[in-house]
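Enquirer: fold the following.
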Amino acid sequence: MRVAESLVALSVGVGLACAGCGGGPPRVLESISVTPAQATAQNGQASYTATGHFNTSPMTVPNLPASWLVVGPALDPPGPGYILIPTPFTAGCSANSPYTVVAYAPANPNAPSSGPMPSAAFDALVLAHTTATDDGFVAGTAKLNCN
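Expert: Model prediction:
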């Protein structure tokens with residue numbers, strides 16, 4: 001009987017140890033930095049890159065694929081959604097005014113490379129810039145000055 005009890009205890013111990021294997025919280029994009037933070041357009045254009053900051057290793061991912069949008073005067077935004085493209089991103093402008101360049105992406109690094117996003121999250125993250133994370137999406141901004 002002692003052998004059977006030992007085998008049961010060993011099986012339970014191995015099962016508990018394996019339950020922790022590969023577990024833990026999923027990797028999540030927590031923030032996006034856009035560089036440069038401010039640029040002046042040369043010939044109506046400036047180049048930007050996105051860096052992703054995650055909750056687990058690798059903590060920083062340079063040249064993060066992101067969806068990009070330039071927000072400013074005389075620009076009509078698309079509907080809510082995203083298409084991840086590699087950086088650098090070239091932003092263009094035509095009016096003599098400041099613009100905001102927005103890089104945004106799903107917080108889940110395994111999300112598809114394109115898809116819809118909630119309208120409220122798109123409005124808050126991309127159009128109004130009132131938050132940096134919302135409803136499973138993350139955004140970072142930079143300024144673009146046009147002369």
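
Enquirer: what's the local residue count around residue 46?
Expert: The local packing count at residue 46 equals 25, with neighbours defined by other C-beta atoms under 10 Å. Backbone N, C-alpha and C define where each C-beta goes, glycine included.

Enquirer: equivalent analysis for residue 123, please.
Expert: Other residues lying near residue 123 total 14 when counted by other C-beta under 10 Å.

Enquirer: and the closest residue to it other than its chain neighbours, what does it touch?
Expert: Spatial nearest neighbour of residue 123, chain neighbours left out: residue 80 (7.8 Å); criterion: C-beta to C-beta, 6 or more residues apart in numbering. With contacts defined as C-beta atoms under 8 Å, 6 or more residues apart in numbering, residue 80 is in contact with 116, 117, 118, 119, 121, 122, 123.

Enquirer: which among those residues gets closest to residue 109?
Expert: Within these, the smallest distance to residue 109 is 15.6 Å, found for residue 117 (C-beta to C-beta).

Enquirer: still on that earlier bit, so the residue nearest to residue 123 versus residue 71, what's the distance?
Expert: From residue 80 over to residue 71 the distance is 14 Å, taken as C-beta to C-beta, to the nearest Å.

Enquirer: likewise residue 123?
Expert: Applying C-beta to C-beta, the value for residue 123 to residue 71 is 11 Å.

Enquirer: so which of the contacts of residue 80 wins on neighbours?
Expert: Sorting the contacts of residue 80 by how many neighbours each has (other C-beta under 10 Å) puts residue 122 first, at 24 neighbours.

Enquirer: mind telling me what element the residue nearest to residue 123 is part of?
Expert: Using DSSP states H and E, residue 80 is not contained in any helix or strand.

Enquirer: show me where this structure has helices.
Expert: If you assign secondary structure with DSSP state H, the helices in the chain sit at 2-19, 119-122.
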